[in-house]
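> prediction below, plus the sequence it came from.
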Amino acid sequence: MSGSEASGAPGQTRSGPQGQTSPATPGAASPGTATAPTPGPVGVALRPTAKALPGQSRTHNKALVLRTLFHDSPLSRADLARRTKLTRVSISDLIAELIEAGLVEELGPRTESRIGKPAALLGLDAAKSAIVAIDLSNTETAHGAVLNLRGEPLAKRKVAIGGATGQQALTKVSNLAKQLISQAKSTPVIGLGVASPGIVTQTGTVEFATDFEWRHLPLAEHLAKCLGIPCHVGNDANLRALAEFTFGGASAAGLMVITIERGLGAGILLDGVLLQGRSFAAGEIGHLSAMVDGDRCVCGRYGCLETVLSKPALQALGTAAATANPQLDAVGQAAAVVLAPIASALNLTDLVFCDPSGLVTQALLDAIGQAIAARVLPTISADLTIRISTLGGKAALLGATALVLSEELGIT
Ligand SMILES: [Zn+2]
């Protein structure tokens, strides 16, 4: 979440404009083949590495091949067969189909010297398809981009959205999406991803987003009808966590991504699953009590985590955040009151701060890390790395891109 709103979970249309009844994946399952659960970010394991079992679909294996190429290309067909445990015949068949679909490309022969005929290398053909992503986490300005399948921006556009609510805000988002789709020109757009503040359900319905005054708004469904392409909507904090996993090289074993903006939000990947919670509010930690006698919070209570870890709080710290000092130690202690139990309960391995304003300093991370270490068992703190995101202000847009990659192609 961002601002003072609650955190939710990525969601997605379950019924796209083509009448898909399950998350779309490259191509359709063969007639008579059972449809396997498609790897996606919600409630199922991310990035599975096993081939499909009997009864599971070709769709699963195509997603497996695409995921492998996304992370490890260039690879030969033999490399792919070894990594996926699929047969060479199956790999050749799947690759032919994926090349035909414009998702995989031949990269030429392997150049390093080996005995025999050099193998032909393959890679993800990132340029033949586009994804449109919109970040609504800054409620003053909606940022959008057209990106290739590697998350590299091809075009950007932003629109002032501050003050717009209800249908007016929805129209602004819809128009921005239309403009971006037109900027993709002749490149087919495989889907739209939207990072929204507020509580977002698994089906892309915004249960509430305070700044836009959205209540029970089926945003993904509305945009899919309006735009004629698959549309997926997720909570912005959760999508940042997804972005760290897909584009930032983070592990999904125990990752918490904390976004520092007007408020504080968090997205959590645990044991390869994005945690969403029964009410899609997992990661709502900004209003947990960090101090008994703290400052008044926007929620009306005192001493919430947001009162020490948020953009306004860090701006107020000013130069005191630059080097170790008692004031910074106090912030670290307050943060650890909330973060240490979470790190311990979930055995977190990565605590990543997403900080578009650049206010989080290494000295602050050190203070938080030391305070957490003093509160948890050594085995917990020894496993825990605390760092600043390398994705910067792009994380939400990349998260929306990752959501489309996951739901449309099975790439996570
Ligand atoms: Zn509060």
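Right, received. Where do you want to start?

> mind checking the SS state of residue 233?
For residue 233, the assignment made with DSSP: H, G, I helix; E, B strand; the rest coil gives strand.

> do you have the helices of this protein handy? List them.
58-72, 77-84, 88-100, 166-183, 219-227, 236-246, 311-317, 326-346, 362-373, 378-383, 395-404 (DSSP state H).

> between these, which gets nearest to residue 265?
Of all the helices of the chain, helix 236-246 sits nearest to residue 265, with 3.4 Å by C-beta to C-beta. Any C-beta I mention is one placed from the backbone N, CA and C, and that applies to glycine too.

> could you dump the closest one to CSV, C-alpha only?
The C-alpha trace of helix 236-246 is given here as CSV (Å, rounded to 0.1, in the frame of the first residue of the first chain):
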residue,chain,number,x,y,z
ASP,A,236,1.1,-1.4,-5.5
ALA,A,237,3.1,-2.6,-2.5
ASN,A,238,2.6,-6.3,-3.4
LEU,A,239,3.5,-5.6,-7.0
ARG,A,240,6.8,-4.0,-5.8
ALA,A,241,7.6,-7.2,-4.1
LEU,A,242,6.8,-9.1,-7.3
ALA,A,243,9.0,-6.7,-9.2
GLU,A,244,11.9,-7.4,-6.8
PHE,A,245,11.5,-11.1,-7.5
THR,A,246,11.0,-11.0,-11.2
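
> let's number from 56 now, not from 1
Fine by me, first position is 56 from now on; the one you just mentioned is helix 291-301.

> quick one: it to chain centroid distance?
3 Å (C-alpha atoms, centre = their mean, to the nearest Å).

> same question, stretch 310-327
Per C-alpha atoms, centre = their mean, the centroid offset for stretch 310-327 relative to its chain is 10 Å.

> render the CA-only coordinates of it in CSV, please.
Only the C-alpha atoms of stretch 310-327 are listed here, as CSV (Å, rounded to 0.1, in the frame of the first residue of the first chain):
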residue,chain,number,x,y,z
LEU,A,310,11.1,-11.4,1.1
MET,A,311,9.5,-8.3,2.5
VAL,A,312,9.5,-5.2,0.4
ILE,A,313,8.7,-2.0,2.4
THR,A,314,7.7,1.0,0.4
ILE,A,315,8.4,4.4,2.0
GLU,A,316,6.1,7.0,0.6
ARG,A,317,3.6,9.3,2.2
GLY,A,318,2.9,6.2,4.3
LEU,A,319,4.4,2.8,4.6
GLY,A,320,3.3,-0.4,2.8
ALA,A,321,4.7,-3.9,2.6
GLY,A,322,4.5,-6.8,0.2
ILE,A,323,5.6,-10.3,1.3
LEU,A,324,6.8,-13.3,-0.6
LEU,A,325,7.2,-16.4,1.6
ASP,A,326,8.2,-19.9,0.5
GLY,A,327,7.6,-18.8,-3.1
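
> buried sites along it?
310-325, 327 (16 or more other C-beta atoms under 10 Å).

> got the helices of the chain as JSON lines, with distance to the ion columns?
Formatted as JSON lines, the helices of the chain follow (distance: least, C-beta to the ion, whole Å):
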{"stretch": "helix 113-127", "distance to the ion": "39"}
{"stretch": "helix 132-139", "distance to the ion": "47"}
{"stretch": "helix 143-155", "distance to the ion": "49"}
{"stretch": "helix 221-238", "distance to the ion": "25"}
{"stretch": "helix 274-282", "distance to the ion": "26"}
{"stretch": "helix 291-301", "distance to the ion": "16"}
{"stretch": "helix 366-372", "distance to the ion": "12"}
{"stretch": "helix 381-401", "distance to the ion": "11"}
{"stretch": "helix 417-428", "distance to the ion": "19"}
{"stretch": "helix 433-438", "distance to the ion": "26"}
{"stretch": "helix 450-459", "distance to the ion": "22"}
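
> kindly reformat these as TSV containing distance to residue 195 and mean neighbour count.
Conversion of the helices of the chain to TSV gives the following (distance: least, C-beta to C-beta, whole Å; neighbours: other C-beta atoms under 10 Å):
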stretch	distance to residue 195	mean neighbour count
helix 113-127	34	22
helix 132-139	45	18
helix 143-155	41	16
helix 221-238	12	17
helix 274-282	19	21
helix 291-301	14	32
helix 366-372	13	17
helix 381-401	27	19
helix 417-428	26	20
helix 433-438	38	13
helix 450-459	14	31
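
> closest to residue 245 out of these?
helix 450-459 (6.5 Å).

> report the mean per-residue pLDDT for that closest one.
Regarding helix 450-459, the rounded mean pLDDT is 97.

> mind giving me the packing neighbours of that helix?
strand 185-190, strand 196-202, strand 244-251, strand 286-290, helix 291-301 (3 or more C-beta pairs under 8 Å, 6 or more residues apart in numbering; DSSP states H and E).

> one more pass at 10 Å, please.
Contacts defined by 3 or more C-beta pairs under 10 Å, 6 or more residues apart in numbering; DSSP states H and E place helix 450-459 against strand 185-190, strand 196-202, strand 208-215, strand 244-251, strand 286-290, helix 291-301, strand 309-315, strand 405-409.
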